[in-house]
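my questions are about this predicted structure, shown below with the sequence.
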Amino acid sequence: MDKIVIEVDSATASKWFTASARLRQEIGKYMNDQISAIIDKKENTDIIQYLKELRREMKKKGLTQEILDDILKDE
């Protein structure tokens with residue numbers, strides 16, 4: 001596993017340093033899963049937003065889904 005640093009307030013830091021090793025390990029696993037899920041969701045949201053914007057731009061330029069279907073059908 002790799003280590004990362006996350007800033008927290010003083011009260012949380014104090015609680016962390018006095019928590020048992022087992023509790024810190026459980027929190028670490030939970031935070032690992034949460035951080036991963038948040039990043040995955042954000043990246044997927046960015047991709048989806050990009051595709052929506054691309055579709056709008058292509059439609060403005062006259063390239064509709066029907067035209068794309070016709071192009072692919074000819075291939």
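Alright, I've got the coordinates. All of these numbers come straight from a predicted model, not from anything done at the bench. Numbering: from 1, shown residues only.

SS state for Leu63?
Using DSSP: H, G, I helix; E, B strand; the rest coil, the structure places Leu63 in coil.

this structure: helices as residue ranges?
For the chain, helices defined by DSSP state H occupy the ranges 10-18, 21-60, 65-74.

what inclination does the shortest one have with respect to helix 21-60?
When you say that, I think you mean helix 10-18. 130 degrees (axes from the mean of the first three to the mean of the last three C-alpha atoms, to 10 degrees).

if we look at helix 10-18, which residues are touching it?
With contact meaning C-beta atoms under 8 Å, 6 or more residues apart in numbering, helix 10-18 is reached by 8, 24, 27. Glycine gets a C-beta too; all of them are placed from N, C-alpha and C.

of all the helices of the chain, which lies closest to Asp2?
helix 21-60 (10.2 Å; C-beta to C-beta).

what are the buried residues along the closest one?
Using 16 or more other C-beta atoms under 10 Å as the test for burial, helix 21-60 gives no buried residues.
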